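Asks: structure for the following, please:
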Amino acid sequence: MIRTTVLDTNIVLDLFIFSDEAARPLREQLEQGALRWIATERMRGELERVLAYPHIVSRMAFYGKTAQDVLAAFDRHAQIAQTPGKARFICKDADDQMFIDLAVQHQCLLLSKDKAVLTMKKRLASLDVEVMRALT
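Replies: Numbering: from 1, shown residues only. I've put the predicted structure just below:
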């Protein structure tokens with residue numbers, strides 16, 4: 001069974017820049033086609049903006065990556081979905097709402113390390129959205 005998943009920007013950075021060990025199962029499932037990653041154009045735009053932050057630029061250089069590499073990986077793995085309507089539950093961090101909205105619309109897994117999202121875990125579960133920090 002292919003699992004539909006929404007990834008927040010920090011998870012994407014861990015996946016494609018930092019090669020975080022916690023992201024290894026996610027990377028493997030994406031490469032094997034066992035995971036369907038959905039995103040919106042706005043999520044891609046946020047990633048592109050974050051990749052220009054000076055501290056991210058220096059980390060990409062350290063790992064031998066470029067913004068083009070990361071965006072190409074995003075484009076290769078993410079399936080672009082329509083922008084969803086607003087979910088019933090509102091996140092304290094407005095920047096994270098787009099991830100919640102998409103996960104709620106598709107009733108799927110949401111991977112996030114953001115505290116504001118993680119505190120919503122029980123409420124989102126009532127809408128058939130599982131929230132996790134990483135795949136296990």
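Asks: thought residue 9 was touching residue 46?
Replies: Yes: taking Cβ atoms under 8 Å as the contact criterion, residue 9 and residue 46 are neighbours in contact, 5.6 Å apart. Yep, even glycine has a C-beta here, placed from its N, CA and C like the rest.
Asks: what about these two, which has more around it?
Replies: With other Cβ atoms under 10 Å as the criterion, residue 9 and residue 46 differ in neighbour count, and residue 9 comes out ahead with 22 against 18.
Asks: tell me the contacts of the more buried one?
Replies: The neighbours of residue 9, taking Cβ atoms under 8 Å, 6 or more residues apart in numbering as the test, are 43, 46, 47, 50.
Asks: out of those, which sit inside strands?
Replies: In strands, defined here by DSSP state E, there are no members of the contacts of residue 9.
Asks: just the buried ones from those residues, in PyMOL syntax?
Replies: In PyMOL, this line selects whichever of the contacts of residue 9 come out buried by 16 or more other Cβ atoms under 10 Å:
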select buried, resi 43+46+47
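Asks: just the buried residues of the lowest-mean-pLDDT helix or strand in the chain, please?
Replies: Per-element confidence for the chain was summarised using mean pLDDT, DSSP states H and E. The lowest value among helices and strands belongs to helix 24-32, with a mean of 93. Residues of helix 24-32 classed as buried: 26, 27, 29, 30 (neighbour count, 16+ other Cβ under 10 Å).
Asks: name the residues that touch it?
Replies: Contacts with helix 24-32, where a contact means Cβ under 8 Å, 6+ apart, come from 3, 7, 11, 15, 35, 37, 77, 111, 134, 135, 136.
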